[in-house]
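Participant: fold the following.
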Amino acid sequence: MDLAVATEAFVGHLERVRRLSPATVKAYRSDLRDLQTSAVGVTLEEVDLEVLRNWLWRATQRGDARSTLARRAAAARSFFSWAHEQELVSHDPSLRLIAPKKGRTLPTVASREAMSGLLDAHRDAAETGDPIALRDHAILELLYGSGIRVAELCGLDVDDLDLDRGTARVLGKGAKERVVPYGAPARAALEAYLHRGRPVLVARARNFSPAVMLGSRGARIGPRAVYELVARVLAPIVGAETIGPHALRHTAATHLLDGGADLRAVQEILGHASLGTTQIYTHVSAERLTATYRLAHPRA
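Facilitator: So this is what the prediction gives:
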């Protein structure tokens, strides 16, 4: 079987059977297309361990990060495991494939003081009544206040919000639904936007959208626009050249744990399938504690 044909069949399996998120499916497809580029003229049945090792070696020569190599090796293992189960190959060539372990990098986190200043500035800007300023303030408050993912934010419809209870119903990875809380500042920002900002944006639309967050022309806002907003306002604060909405999720989780929240409660709020994923934030808190100690203690 042609490698490209098998890849698309596998991607369909990820979408329809495993119901992985669009971002995850996109990453799998990208990795396997990179394999096709490296193994030109090689059929699915002809892929062996040497072909896979050569593929990763080429990626190393290109300067791909260790995390990228690890992800690509994982994609290959998942793909060939599926192909073997479907009897498309007689054996799984990826069983002995070894990639470098991902280096552990702590997520970028803004301080409480920095977040307070950032959100206060956007609250003041929203008081002008500009619909985009109202929307941007609501986006930042909700991302930080609830810790939701950018895709979950963009997928929110008005009916998903419960302003009285201060909760939002979101659809997370694997099409798993959960209800997340947000605080009084986020609720105030949402109410201001829904009452004064969103109607202006709705009036600009060609077709009505039930989405909470709308673009300047009244359509559902996309992740790229949210990325651009967060990068513009957050990068100068944390001193990073490239940063996105996930940094606000990291920041929310870290501040929850710093404030004494239970790890499993944070896991539920973030929608992590594994507690191990949430535990990275305990390392962030420990790093912050150590840094504070070294700066403040006379015998550090």
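
Participant: can you report how many residues neighbour the residue nearest to Val180 when sequence neighbours are not counted?
Facilitator: In space, not counting the residues next to it along the chain, Val180 is nearest to Ser146; the distance is 4.6 Å by C-beta to C-beta, 6 or more residues apart in numbering. Bear in mind the C-beta positions are built from the backbone N, C-alpha and C, glycine included. Around Ser146 there are 24 other residues, counting by other C-beta atoms under 10 Å.

Participant: equivalent analysis for Ala184, please.
Facilitator: Look at Ala184: counted by other C-beta under 10 Å, it has 10 neighbours.

Participant: quick one: contacts for the closest residue to it other than its chain neighbours?
Facilitator: Closest residue in space to Ala184, ignoring its immediate chain neighbours: Gly166 at 7.2 Å, by C-beta to C-beta, 6+ apart. Applying C-beta atoms under 8 Å, 6 or more residues apart in numbering, one finds that Gly166 lies in contact with 181-184, 186-187.

Participant: okay, the residue nearest to Val180 and Leu256: tell me how far apart.
Facilitator: Noted for Ser146: a distance of 11 Å to Leu256, by C-beta to C-beta, to the nearest Å.

Participant: same check, this time on Glu45
Facilitator: 50 Å.

Participant: next: Ser216.
Facilitator: Look at Ser216 and Leu256: by C-beta to C-beta, they are 33 Å apart.

Participant: the two: who's more crowded?
Facilitator: With other C-beta under 10 Å as the criterion, Ser216 and Leu256 differ in neighbour count, and Leu256 comes out ahead with 19 against 12.

Participant: quick one: which of the contacts of Gly166 is nearest to Ile237?
Facilitator: Set against Ile237, the nearest of those by C-beta to C-beta is Ala186 (18.7 Å).

Participant: all helices for the protein, in order.
Facilitator: Secondary structure of the chain by DSSP state H: the helices cover 3-16, 22-38, 49-62, 66-85, 112-126, 131-146, 150-154, 184-192, 198-203, 223-238, 246-258, 263-270, 275-278, 280-296.

Participant: which residues touch the second one?
Facilitator: Spelled out, it's helix 22-38. Taking C-beta under 8 Å, 6+ apart as the rule, helix 22-38 contacts 3-4, 7, 10-11, 14-15, 20, 51-52, 54-55, 58-59, 71-72, 75-76, 78-79, 151, 173.

Participant: what residues of it count as buried?
Facilitator: By neighbour count with 16 or more other C-beta atoms under 10 Å, helix 22-38 contains the buried residues 25, 27-29, 31-32, 34-35, 38.

Participant: helix 3-16 and that one, what's the angle between them?
Facilitator: Using axes from the mean of the first three to the mean of the last three C-alpha atoms, to 10 degrees, the inter-axis angle of helix 22-38 relative to helix 3-16 is 170 degrees.

Participant: pLDDT of helix 22-38, averaged?
Facilitator: Mean pLDDT, taken over the full extent of helix 22-38, equals 91.

Participant: then the first one?
Facilitator: Mean pLDDT, helix 3-16: 93.

Participant: and it, how far out from the chain's middle?
Facilitator: 23 Å (C-alpha atoms, centre = their mean, to the nearest Å).
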